[in-house]
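Visitor: okay, predicted coordinates and the sequence, questions at the end:
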Amino acid sequence: MIAFYKHRYKYFIISICLILAGGIAAWVNGIQLDIQFRGGTIFKYTYTGTIDEEEAQDVVELAVGRTTNGQLQSNLGTQEKMLILSLADNEALTSQEQEAVTAALHQAFPDAHLALSESLTVEPFLGARFFKNGMIAIGLSFLLVLGYVGVRFRNMGGVSAGTMAIIALIHDALIVTAAFIIFKIPLNDSFIAAILTIIGFSINDTIVIYDRIRENTLLYGRKITTEELVDKSINQSMMRSINTNLAVFISITIVYIFAQIYGIESIRAFALPMMFGTVSGCYSTICIAGPLWAMWQNRKKQNKPVVQC
């Protein structure tokens with residue numbers, strides 16, 4: 001039997017190191033907000049032949065002096081090729097700047113037959129509102145989880161069980177955020193979707209562990225210590241959590257490979273952090289939530305006043 005409680009500090013250090021890696025990456029590279037959260041303009045051009053997306057980015061940045069993110073996509077049905085340019089900025093492009101972008105691209109790629117098919121502008125105040133609403137959605141999910149776990153596992157301490165579950169979920173959210181930052185993926189609607197999805201997967205695994213702890217509490221009573229109770233419960237449920245998350249991880253990996261081959265950036269930006277989040281969710285359920293709950297219970301026992309007769 002693996003002694004998870006005994007080695008809890010090793011697991012905590014691993015988690016702290018991973019989160020610090022994300023923090024260092026954020027300090028060095030900054031946190032990139034995509035157009036949905038920051039505001040800016042998206043251009044979609046159809047083209048023929050070949051275009052180098054990095055060269056296209058450089059051309060646009062030189063023309064308007066704004067940071068540009070470019071990606072190439074192709075329609076599998078029509079075989080139509082498309083160049084998508086995203087210019088995130090606190091100010092939307094003027095009509096003159098939009099014309100300058102198109103003119104610069106035509107000059108740089110005269111044989112590509114570039115044609116503007118769509119342009120979309122998001123005002124900065126709308127981007128800020130989208131970001132705020134996304135954060136509110138994540139915060140509400142944490143509160144709902146706390147309430148649900150607190151009520152369902154009230155015989156395990158209620159609020160304490162819910163609090164430990166929330167700490168594990170925050171851990172997973174930070175790991176997903178670190179993945180976005182380290183791989184320089186701009187935070188967008190895929191970020192919110194990935195966080196909420198991981199919260200759902202992770203809390204499901206944590207509830208399975210809590211259920212087993214509750215069952216073993218009724219079965220063994222005071223015959224075993226809290227540490228032994230948690231270790232036994234985690235070991236009994238561990239393979240179930242690993243197998244479930246492994247199946248999810250393999251599925252997401254296949255999706256990521258498909259998106260990588262066909263250049264579907266929106267799916268790729270969602271699938272890659274989800275892969276890290278799935279591993280993190282399994283890890284936090286097994287190595288973080290249970291040991292933290294046991295530490296809380298032990299602290300309560302130590303602080304409980306002794307009644308002398």
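Guide: Sure thing, it's come through.
Visitor: which residues of this protein fall in strands?
Guide: Ranges of strands in the chain, per DSSP state E, are 40-47, 69-74, 81-88, 115-122.
Visitor: so can I have JSON lines of these showing distance to Glu54?
Guide: To be clear about C-beta, it is placed using only N, CA and C from the backbone, and glycine gets the same treatment. As requested, these are arranged in JSON lines below (distance: least, C-beta to C-beta, whole Å):
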{"stretch": "strand 40-47", "distance to Glu54": "15"}
{"stretch": "strand 69-74", "distance to Glu54": "7"}
{"stretch": "strand 81-88", "distance to Glu54": "12"}
{"stretch": "strand 115-122", "distance to Glu54": "20"}
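Visitor: quick one: these as JSON lines, columns for mean neighbour count, mean pLDDT and distance to Lys6 too.
Guide: Below are the strands of the chain laid out as JSON lines (neighbours: other C-beta atoms under 10 Å; pLDDT from 0 to 100; distance: least, C-beta to C-beta, whole Å):
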{"stretch": "strand 40-47", "mean neighbour count": "21", "mean pLDDT": "87", "distance to Lys6": "51"}
{"stretch": "strand 69-74", "mean neighbour count": "18", "mean pLDDT": "80", "distance to Lys6": "47"}
{"stretch": "strand 81-88", "mean neighbour count": "21", "mean pLDDT": "84", "distance to Lys6": "48"}
{"stretch": "strand 115-122", "mean neighbour count": "14", "mean pLDDT": "84", "distance to Lys6": "51"}
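Visitor: Arg299 is nearest to which of these?
Guide: Minimum separation from Arg299 across the strands of the chain (C-beta to C-beta) falls at strand 81-88, 46.1 Å.
Visitor: may I have that closest one exported as CSV, CA atoms only?
Guide: Output of strand 81-88 as CSV, limited to C-alpha atoms (Å, rounded to 0.1, in the frame of the first residue of the first chain):
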residue,chain,number,x,y,z
LYS,A,81,-6.7,27.8,-47.7
MET,A,82,-7.1,30.6,-45.2
LEU,A,83,-4.7,33.0,-43.4
ILE,A,84,-6.0,34.3,-40.0
LEU,A,85,-4.3,37.3,-38.5
SER,A,86,-5.1,38.4,-34.9
LEU,A,87,-4.1,41.8,-33.7
ALA,A,88,-4.8,42.1,-30.0
